[in-house]
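Student: Kindly generate the corresponding structure for this input.
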Amino acid sequence: MPRRHTVVNPDAVERYIRGAVMPRFMQRLRDIDAGLRQHALRLGRHYAQLQEECAGDPEAFERRWRELARRWSFDEVNALIEQHNEYYPIERNLPVSTRTGEYLTVSGRPYTRELAGPEWILVRFPAVLA
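Tutor: I've put the predicted structure just below:
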């Protein structure tokens with residue numbers, strides 16, 4: 001009869017399981033980056049098309065591009081960003097400052113991400129006819 005091995009160190013099992021599964025914060029960050037890349041690709045196509053349609057009329061281009069930027073929906077990726085901003089410090093077990101009660105960062109950089117919206121678009125695709 002085969003002999004069963006007893007787990008001597010339960011932490012070893014936990015480390016093994018954690019090593020096999022990507023942490024949720026990492027998957028969420030990948031999803032955010034992929035979502036923003038998809039938006040940028042789609043916006044780039046709209047931008048080029050609108051430049052062609054408005055050739056010679058910079059005011060019409062600016063007005064129409066700003067309107068598109070105002071109406072553009074980032075709902076799904078913004079939901080992920082909100083989840084990231086709320087849960088990342090907990091999932092990463094970031095230390096809390098005893099003085100301020102705020103989460104401390106490891107590298108000194110903020111962990112929060114800005115929500116995407118019209119400004120996100122206009123920074124990457126200015127409302128100027130080229």
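Student: And for the residue sitting nearest the centre point of the chain, nearest residue in space, chain neighbours not counted?
Tutor: What sits nearest the mean C-alpha location of the chain, by Cα atoms, centre = their mean, is residue 32, with 3.1 Å. Spatial nearest neighbour of residue 32, excluding adjacent residues (Cβ to Cβ, 6 or more residues apart in numbering): residue 80 at 5.0 Å. The way it works is simple: take the backbone N, C-alpha and C, and place the C-beta from them, glycine included.
Student: ok, back up a step: who touches the residue nearest to the centre of the chain in this structure?
Tutor: 77, 80-81, 84, 113 (Cβ atoms under 8 Å, 6 or more residues apart in numbering).
Student: Surely residue 61 is in contact with residue 49?
Tutor: No: at 11.1 Å, residue 61 does not count as touching residue 49 under the criterion of Cβ atoms under 8 Å.
Student: okay, the two: which has more neighbours?
Tutor: Between residue 61 and residue 49, residue 61 has the larger neighbour count (other Cβ atoms under 10 Å), namely 20 against 10.
Student: any idea how far residue 43 is from the more buried one?
Tutor: 14 Å (Cβ to Cβ, to the nearest Å).
Student: circling back to that earlier point, okay, and which of the contacts of residue 32 map to helices?
Tutor: 77, 80-81, 84 (DSSP state H).
Student: Quick check: of these, which lies closest to residue 100?
Tutor: Using Cβ to Cβ, residue 84 is the member of those that lies nearest residue 100, at 21.2 Å.
Student: what's the closest non-adjacent residue to that closest one?
Tutor: residue 28 (5.3 Å).
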